[in-house]
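Asker: with the input below, show me the fold.
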Amino acid sequence: MKAAGILLVICLLFSFSQEETTLDIEITNIRNHNGVILLSVYTGPEQYPYHPVRTYVVKKDSLTKGIIHTSIKDLSPGEYGLCLLDDENRSGQMENNVFGVPMEGFGFANNVKPFLKRPDYDRILFKLFPGINRMQLIIRY
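Answerer: Numbering: from 1, shown residues only. Take a look at the predicted model:
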């Protein structure tokens, strides 16, 4: 009987310590309903930019006044890199003009504004903590 009580206390303590981790993202400045938003998540610089550990597809069904909200609930607390592509033609990759200038929208964690090239990995890092985390991403065209 005493062992069952101890086991119950341990289970209760364990359940309280397992707080769900959620990343709530507000994506702003979306110019149209075409295509989807791709959110690419990285856990190390060797993955960036072409081999994310996970890419989330955000449909534009709920687009209102250039804004969409989405949530990611399957990441563990830790440090991640994040970039975004407004994949208007659903090709799965950034479309560039003949001069190499992006023709589709993009964004990065920390709303890093690149200058002539993709930002370094350490500039797009963010920390994810247990509980609810909020982030705003501004798309640049």
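Asker: in this structure, which helix or strand is least confident?
Answerer: In the chain, the helix or strand scored least confidently by mean pLDDT, DSSP states H and E is helix 2-17, which has a mean of 46.
Asker: following element in sequence after that helix, please.
Answerer: Beyond helix 2-17 on the C-terminal side, the first helix or strand identified by DSSP states H and E is strand 21-28.
Asker: let's verify G100: helix, strand, or coil?
Answerer: What DSSP: H, G, I helix; E, B strand; the rest coil gives for G100 is coil.
Asker: and it, how far from K117?
Answerer: Distance, G100 to K117, using Cβ to Cβ, to the nearest Å: 10 Å. (Each C-beta comes from the backbone N, C-alpha and C, glycine too.)
Asker: list the strands paired with the top strand by length along the chain, with their directions.
Answerer: Criterion DSSP state E: the longest strand present in the chain is strand 78-87. Strand partners for strand 78-87, identified by DSSP bridges, are recorded as strand 36-42 (antiparallel), strand 105-108 (antiparallel), strand 125-128 (antiparallel).
Asker: now do the first one against strand 21-28, angle only.
Answerer: An angle of 140 degrees separates the directions of strand 36-42 and strand 21-28 when computed by axes from the mean of the first three to the mean of the last three Cα atoms, to 10 degrees.
Asker: the closest residue to G81 other than its chain neighbours: how many residues sit nearby?
Answerer: In space, and not counting its chain neighbours, G81 is closest to Y42: 3.8 Å by Cβ to Cβ, 6 or more residues apart in numbering. Counted with other Cβ atoms under 10 Å, residues neighbouring Y42 total 22.
Asker: so who does Y42 touch?
Answerer: Shown in contact with Y42 (Cβ atoms under 8 Å, 6 or more residues apart in numbering): 48-49, 52-53, 80-83, 121, 124.
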